[in-house]
Every structure is written in C-alpha cells, then in structure tokens.
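Colleague: Next comes the sequence, and after it the predicted model I'd like to discuss.
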Amino acid sequence: MTLAEILASLFPQGHAVAVRDGLVTGTGPFAGGQMHVVGVDGDTPLGVDGALVLSRVVLDAVRASDRAPILVAVDSDSQRMSRRDELLGLNECLAHLAKAILLADRSGHPTIGLIYGHSAAGAFIATALATRVLAALPGAHPSVMDLPSVARVTKLPLDKLKDMAKSTPVFAPGLDNMVATGAVHVVLEPNLSLEAQIRALIDGMSAGDVRDRLGEERGGRPVARAIAAAIADQARLG
Amino acid sequence: MAGNRAASIDPDSLSWYEATARQRVLALTDPGSFREFLPPTERRMSPHLPLFDLPRAFDDGIVVGRARLDGAPILIAAQEGRFMGGAFGEVHGAKLVGLLRAALELKPKAVLILFDTGGVRLQEANAGETAIAETMRAIVDARAAGIPVIGLIGGRAGCYGGGGLIAGTCSRLAVSEGGRISVSGPEVIETNKGAEEFDSRDRALVWRTMGGKHRRLTGGADAFCADTVSAFRKAALALVGRAPAFDLQTLEAEQARLEARIDQFGDCRDAADVWARLGVNDPESVPAMDTGAFDETVARSPEADHDAR
C-alpha cells in the first residue's frame, strides 16, 4: 500500500497529514479524538535534520497532553550516511527521536509503528522500533543490511547466504524474518479497514516489552527471552 | 584466576583501550565486589555462529553483573571489543536487556555500560537490531525510575551503529581520546558514498569527526577521561551524581540544544571549523592537546556542559 492509500483507509473522513522532503507529519480524526502521524516516506534516509523535525512534532504532542495515539509510519532508507551527519552527532539526533517516542508512550500516548516499505539500521531503530507495537503491511521489507553487503562483511558466498537465509531467520533481510524475531508484532490485512485494525491493536496493547517473548514463540530468537530472564533471576539472588 | 590477576593491576596505569572487558570491570569497581551473572562457566553461547563456522565465546562478548562503586551498589555491563567487534548478537543483547530490566527491581545507585562495539552482529542481524531497540526501551524505563544509566566509551571498537544510539539514550557519557561515537562507521560511509565523502584511511579525519574530543567539545559526551581505568572510575562517580531526569523538560532542552547545534554548525565541513566557531583559539592544536590543556578548552566551550540528554 502507498502512504496515500494507508491514510485513506485509516482516516475515511479525511486528514491533515502531509509529506515534505520525505518526512510525514500531521493529524487525522481517530476514535472520537485525533491521531498524530509522523514518519518517513519514499525510501528517504533519515539524517540529523529530519530526525529533529519528527522529534519536535512528537514532543509537541506530549506537551499538549491529549494522550492521542501516535502513528509512526515508515518507508525509509537507513540512516543518512554522510560526514556532515556524523559531525553533527547523528547518534544523538536519532536517539533523541527514539527517546521522544518512548516518552510519549510513557506519557499515555499509545505509539504504533507501521512499516509499509523499506527501513533499515539506525533509521528503523529511531522510528518504528521505538514504538510500543509495530505493525507491518504485506510487501514491507525491513532489513539491517542487504545480503550482498552481508556477503562482503562475512566473506561468505552470496549463494550460500541465500540458502542459509531460507532456514535461518536471524540474519536474513525481510518482513517474515522480522516477524519471527518479534520485532514486528503483526502483519495487517490491507483489504480490511486499517482504522479498525489499528484500534484493535491499541485496545490490545500489553504493558511490558513483549518482543523477546514473541521471538521465542515464533522461533526467530530462540534464546533471548530465557537469557534476559536468567540474568534477572541471578540479579535477584543478590 | 583472571580475577586475582586483574585485581593486582594498578587502575592508574591500566589502559582502558588496551584492557579486556573483564579487566575494565574488575579494576573499575571496588576490589572483590564484582559478581558476574551468567558467567563464562555457564557457557551461554550464541546458537547461531556455528552456522557460519565461526568460533563462539562462553560469554558471547559481554560481561554483566553487580558490583560496588565507592561502596554503593551498581549494575554493570562491559562489551568485549575483541570478540566479533563487541557486536550485538542475540545472547549478547539479551544479557544487557536482562541487566537493565533487573535494575527496575534492584534499584541500584546506577547502571554502568562499558561500550566497545561496532553495532549489530551481522550474522545475527535481526536479533541484534531488535535487542538494541529493547535495550533503549529498558534504559528509558530505568532512567524514568530515577536510576542513572552511565555510558563509558574508550575501547578499541569504539561505539558504532546501534551502539551509538544506545549511548545517546544514556543519562550521561564519559569518553576518552580513543573513544569514537558514531552511527555509520568510516568504512560504511566510504563503501556507500565513496572516498570523496569519507576517506576511511584518513585516521586523523576519523578521530576529528567521531572521536572523544569532538564529542566532548560539542556536548555529545559529558566527561573526557585520560586513557586509564582510574580516570573512567572518577568520571563515572562524578556523572552518577548529576544525571538528568528522563522527562519532557529534559527532552525539550535536548531538542533545543540539538537544533541550535545544527543552526550554528550545519554548514561546517570539518570538526576544526566547528571548534573555531566554538571559540577555540587554535583549533588545529586540539587533536594534540593533553588532557589538562583539553579540559581548559572544554571549560570555555559553551556547548560542552548541559542537562539536556
């Protein structure tokens, strides 16, 4: 689905969401109130400037104390790779955006990620992965790194990696694999109302971070939950 | 025993950069106080590396546990940059997440994270990426509960990729000259954008752009340490006492701080241009400054100290 199609399905009465320089901001009427929308469209890389535009919108929503849901819609490239971005502290700007989304969540705004295209690496962590519940649409293709680059770094033949990717979700790009690790909670049905589906997601949100439990159940991260729990157990023993 | 050997090392002379993760932890914390969780004897290794015919580590490249710092209980995690570049795999990340979650119950005086990481371990990329997101959420939860999370950065692998984002989520950061903080590494930028954009072989450029001095001068880190364990210990103790709250006020201040940085320096090509605009008299001399001279320079930088993180 395109962003326009998503917004039409989410806000059948119309909306005030706009895209500028690949950055998505605005609001739409939702569940008797409103919903804030921020995001990245058109496979745009996220740099210092864009991160601060989005974090400003999220912090404004928190200051307004309306407890309205915040949708983080993502079809991005990775973080913008440049000397200027790193010189200006890209790690701080991306972390700041993630912290703003996490603060919103703590302040009573349900935060929902929606990945409908690509996203990768730092841009993915700073946006969709900072929400409480992350949904995807079919055709989305999140990745950490594409397979040819993985082949270069790991010095393994691409054909072998492609074979391994079929049986091992833990390293291979793609939506199914991110679902298996628990990072993506649910894949939505594009032919049904997104408004209804996202309302149901908000109603069913759980309090804690359930991603490692999902990863265990789905087999994409077989040991993470047990390891984290074992650490906490040993810490408790004093 | 590694513990006995490390305990006999003088923290004043032990180089942070050269030390292993375990040496850093043992020499940083009060003698005899460290207790490791899931120690190497439990052999909780990566379930994925054998698929790539790669050797595993009994601790998956991270040491976590509890200790005392000047008598106060703390939780501590240290990445081992010599194993897979300190990168986040499934077990590695889950150990850090578990430690941070335990902080909510144990209410330690602080959680210290000794970063030494290239980012996500590509052989376990999806698990590593997800663990980084979980870590950031757990840090925010700990900070909101009033527990300072302090990052210490000065290892061989630096603090790259998702590690850089986690660092930006901490309450406070201490960094040494050898510490580099960045999202895209020099090789990643060069591979994707060409050597004209970033020449990764130009080591002086790497240090200027991503190194500890630039981060400290521009407020990307809150303390600058000489490359010794005792310097990092002193910095950690000082930073625990002045950790900012995690709330709207702090994040609005950070928003203003980062926007002002881009307004002021957004057209600079090189770190030396930034330092000149900060009022540093002889910007070209910054890389060669010793810690004392650099501290004096930092004291005159308007951007260096803030409660906006």
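Modeller: Okay, I see it.

Colleague: Show residues contacting the helix or strand hosting residue B:173.
Modeller: Using DSSP states H and E, residue B:173 sits in strand B:172-176. By Cβ atoms under 8 Å, 6 or more residues apart in numbering or on different chains, the surrounding residues in contact with strand B:172-176 are B:16-17, B:148, B:150-154, B:167, B:181, B:212, B:215-216, B:220-227, B:231-232, B:235-236, B:239-240, B:242-244, B:309. (C-beta placed from N, C-alpha, C; glycine too.)

Colleague: Any figure for the gap between the residue lying closest to residue B:93 once chain neighbours are set aside and residue B:94?
Modeller: Leaving out its chain neighbours, the residue that sits closest to residue B:93 by Cβ to Cβ, 6 or more residues apart in numbering or on different chains is residue B:131, at 2.4 Å. Note on residue B:131: its distance to residue B:94, by Cβ to Cβ, to the nearest Å, is 6 Å.

Colleague: Which neighbours do the two have in common?
Modeller: residue A:224.

Colleague: Residue A:176 - how many residues pack around it?
Modeller: Residues near residue A:176, counting by other Cβ atoms under 10 Å in any protein chain shown, number 15.

Colleague: Would you map the helices across chain A?
Modeller: For chain A, the helices defined by DSSP state H occupy A:3-10, A:48-64, A:83-87, A:90-106, A:121-126, A:147-154, A:158-167, A:175-180, A:194-203, A:211-218, A:224-237.

Colleague: For residue B:18, identify the helix or strand it belongs to.
Modeller: Counting by DSSP H and E, residue B:18 is part of no helix or strand.

Colleague: Same question for the one 5 residues further on.
Modeller: Per DSSP H and E, residue B:23 falls inside helix B:21-28.

Colleague: nearest residue to residue 87 other than its sequence neighbours?
Modeller: This is for chain A. Among residues not flanking residue A:87 along the chain, residue B:209 sits closest, at 5.3 Å (Cβ to Cβ, 6+ apart).

Colleague: hm, I was asking about chain B
Modeller: residue B:121 (3.6 Å).

Colleague: my read: that neighbour touches residue B:129, true?
Modeller: No: Residue B:121 lies out of contact with residue B:129 (Cβ atoms under 8 Å); the separation is 9.8 Å.

Colleague: Common neighbours of those two, please.
Modeller: Joint contacts of residue B:121 and residue B:129 (Cβ under 8 Å, 6+ apart) are residue B:88.

Colleague: just to revisit the earlier point, any of the contacts of strand B:172-176 buried? List them.
Modeller: Neighbour counting by 16 or more other Cβ atoms under 10 Å in any protein chain shown classes B:16-17, B:148, B:150-154, B:167, B:181, B:212, B:215-216, B:220-227, B:231-232, B:235-236, B:239-240, B:243-244, B:309 among those as buried.

Colleague: Where strands are concerned, which of these count?
Modeller: Applying DSSP state E to the buried ones among the contacts of strand B:172-176, the entries found in strands are B:150-153, B:223-225.

Colleague: I'd like to know how many residues surround residue 22.
Modeller: You didn't pick a chain, so chain A it is. Residue A:22: 17 neighbours (other Cβ under 10 Å).

Colleague: That was the other one, I meant chain B.
Modeller: Residues near residue B:22, counting by other Cβ under 10 Å: 20.

Colleague: now do residue B:261
Modeller: Residue B:261 has 21 neighbours, counted by other Cβ under 10 Å.

Colleague: quick one: the helix-or-strand element of chain A with minimal mean pLDDT to chain centroid distance?
Modeller: In chain A, no helix or strand scores lower on mean pLDDT, DSSP states H and E than helix A:147-154, which sits at a mean of 79. Computed by Cα atoms, centre = their mean, to the nearest Å, the chain-centroid distance of helix A:147-154 equals 24 Å.

Colleague: And it, what's buried?
Modeller: A:147, A:149-151.

Colleague: for stretch A:42-51, same thing?
Modeller: A:42, A:44-51.

Colleague: Farthest-apart pair in these, please.
Modeller: Spanning the widest gap among the buried residues of stretch A:42-51 are A:42 and A:48, at 18.7 Å by Cβ to Cβ.

Colleague: Against which helices or strands is the lengthiest strand in chain A packed?
Modeller: In chain A, taking DSSP E as the definition, the longest strand is strand A:33-46. Under the contact criterion of 3 or more Cβ pairs under 8 Å, 6 or more residues apart in numbering or on different chains; DSSP states H and E, strand A:33-46 touches helix A:3-10, strand A:16-20, strand A:23-30, helix A:48-64, strand A:70-79, helix A:121-126.

Colleague: on that earlier part again, list the helices and strands the helix holding residue B:23 packs on?
Modeller: helix B:2-7, strand B:62-69, strand B:72-79, strand B:110-115, helix B:229-240.

Colleague: Now tell me what touches the last one from outside.
Modeller: In this structure, residues lying in contact with helix B:229-240 by Cβ under 8 Å, 6+ apart are B:11-12, B:14, B:16, B:19, B:23-24, B:27-28, B:69-70, B:109-110, B:112, B:148, B:150, B:152, B:154, B:171-174, B:176, B:222-223, B:225, B:291.

Colleague: Make a PyMOL selection of whichever of those residues turn out to be buried.
Modeller: The PyMOL selection below is limited to those of the contacts of helix B:229-240 classed as buried (16+ other Cβ under 10 Å):
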select buried, chain B and resi 11+14+16+19+23+24+27+28+69+109+110+112+148+150+152+154+171+172+173+174+176+222+223+225
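
Colleague: contacting residues for the closest residue to residue B:62 other than its chain neighbours?
Modeller: Nearest non-adjacent residue to residue B:62, counting by Cβ to Cβ, 6+ apart: residue B:92, 4.8 Å away. Contact partners of residue B:92, counting by Cβ under 8 Å, 6+ apart, are B:46, B:60-62, B:79, B:121, B:128, B:131.

Colleague: Taking helix A:211-218 as reference, get the angle to the helix or strand harbouring residue B:92.
Modeller: Here residue B:92 sits within helix B:90-106, counting by DSSP H and E. On the basis of axes from the mean of the first three to the mean of the last three Cα atoms, to 10 degrees, helix B:90-106 is oriented at 130 degrees to helix A:211-218.

Colleague: buried residues in helix B:90-106?
Modeller: B:90-103, B:106.

Colleague: And the residue nearest the centre of chain A?
Modeller: When Cα atoms, centre = their mean is applied to chain A, the residue found nearest the centroid is residue A:128 (1.6 Å).

Colleague: can you count the residues close to the closest residue to it other than its chain neighbours?
Modeller: Closest residue to residue A:128 apart from its sequence neighbours, by Cβ to Cβ, 6+ apart: residue A:113 at 3.5 Å. Close neighbours of residue A:113, defined as other Cβ under 10 Å, add up to 26.
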